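starting from these lines, generate the structure:
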Amino acid sequence: MLGTTLPPFPTDVPTHPLLIIDFELIKAGDPVESEHLWEAATALGFWYLKNHGADKEVDAMFDVGAETLAIPLEEKMKFEQGDEGQSCGYKKSGANAVDASGQLDAVEFINISKDDALAFPRVAHRTYPAPTTAAIPTAVAPFVRKGLDISYTVLRLFNERLGLPEGTLDRLHDFEEYSGSEARVIRAPPMPGKVTADRATLGAHTDFGSLSFLHNRLGGLQVLPPGHTEWSYVEPLPGHGIEINDGIELARG
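As a prediction, the model looks like this:
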């Protein structure tokens, strides 16, 4: 796996605790763990997910991101998102404002459509930089499938807790239909010094799907919990994903 030794998460920043949900217990239908998940999803909108079984796929996606985002900007810009209604593609740093003052963001990322990943080598929406394309069958598609398996398991629990007819949320998230679901790899460059210490690198937002499955090794994710007025960081935990109920969460980078 590409990368270097990561620095420790700082101890002098405000953090917000999250419930830790054991995915193996959720799959097994454990009623206590199911109650914990429902509490996390409805009270805060974020939770740690352990025993998700996606470590190999997550490592591979970090490698895809490192290889893709290391190519020259001129080459990456050939695959820019554009303004045609799809967010898949490349976004350069500074392309969007993070707040009403007009301060620009400081992250770049590559979004790979779930539809392109699963249709490969057929193109569903668009093409991608060479390192990404080469890794679709070996890294991107396996990661997408693993994330979908986890999401469908959680959605079925939500379906039951909401008292919906069996299969309702499955039908509303039809695996075969084209959607806005994506795999995204984000890179934020180091910003040392007091001037940039409190600067948001990505504006406040809710994601546009139903569930997100986030893997964060350095930190940087901030949340604004319901009833709070100050942003807090979420400390990354080794081997834990961060799952997000997109209908309730509010986050920034």
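
okay, CA-based contacts and neighbour counts for the rest of this
Noted.

can you map out the helices along this protein?
All helices of the chain, identified by DSSP state H, fall at 23-27, 31-43, 55-69, 73-76, 114-119, 130-135, 141-161, 168-172, 194-197.

ranking those by burial, who's on top?
helix 114-119 (a mean of 22; mean count of other CA atoms under 10 Å).

ok, and what's touching it?
For helix 114-119, the surrounding residues in contact (CA atoms under 8 Å, 6 or more residues apart in numbering) are 122-126, 136-137, 140-141, 144, 178-183.

which of those fall in strands?
Counting by DSSP state E, these place 182, 183 in strands.

of the contacts of helix 114-119 - the most surrounded one?
Compared across the contacts of helix 114-119, residue 140 has the highest neighbour count, 27 neighbours, by other CA atoms under 10 Å.

now do the contacts for it.
57, 60, 61, 117, 183 are the contacts of residue 140 under CA under 8 Å, 6+ apart.

isn't the first one right next to residue 147, touching?
No. Taking contacts as CA atoms under 8 Å, residue 57 lies outside contact range of residue 147: 9.4 Å.

low-confidence stretches in the stretch 151-253 of the chain?
192-198, 247-253 (pLDDT under 70).

got it, and the stretch 1-150 of the chain?
1-4, 85.

which residues touch residue 216?
So residue 216 contacts 236, 241, 242 (CA under 8 Å, 6+ apart).

the last one pairs with what?
Meaning residue 242. Beta-bridge partners for residue 242, by DSSP bridges, are residue 48, residue 214.

from residue 164, how far off is it?
Using CA to CA, to the nearest Å, residue 242 is found at 26 Å from residue 164.

show me which positions of stretch 90-109 end up buried.
Buried residues in stretch 90-109, counted by 16 or more other CA atoms under 10 Å: 90, 91, 92, 93, 96, 98, 104, 105, 106, 107, 108, 109.

once you drop chain neighbours, what's closest to the third one?
Nearest non-adjacent residue to residue 92, counting by CA to CA, 6 or more residues apart in numbering: residue 108, 4.7 Å away.

ok, so of the contacts of residue 216, who is nearest residue 81?
Of all those, the one with the least separation from residue 81 (CA to CA) is residue 242, at 25.6 Å.

for the closest one, grab the count of nearby residues.
Residue 242, neighbours per other CA under 10 Å, totals 22.

correct me if wrong: it contacts residue 49.
Yes. With contact defined as CA under 8 Å, residue 242 reaches residue 49; the gap is 5.9 Å.

start and end of stretch 61-78, how far apart?
With CA to CA applied, stretch 61-78 spans 21 Å between its terminal residues.

re the thing from before, quick check: the residue nearest to residue 92 vs residue 58, distance?
Distance of residue 108 to residue 58, given as CA to CA: 19 Å.

then residue 125?
24 Å.

ok, the residue positioned nearest the centre of the chain - contacts?
Nearest to the mean C-alpha position of the chain, counting by CA atoms, centre = their mean, stands residue 214 at 3.7 Å. For residue 214, the contact set (CA under 8 Å, 6+ apart) comprises 241, 242, 243, 244.
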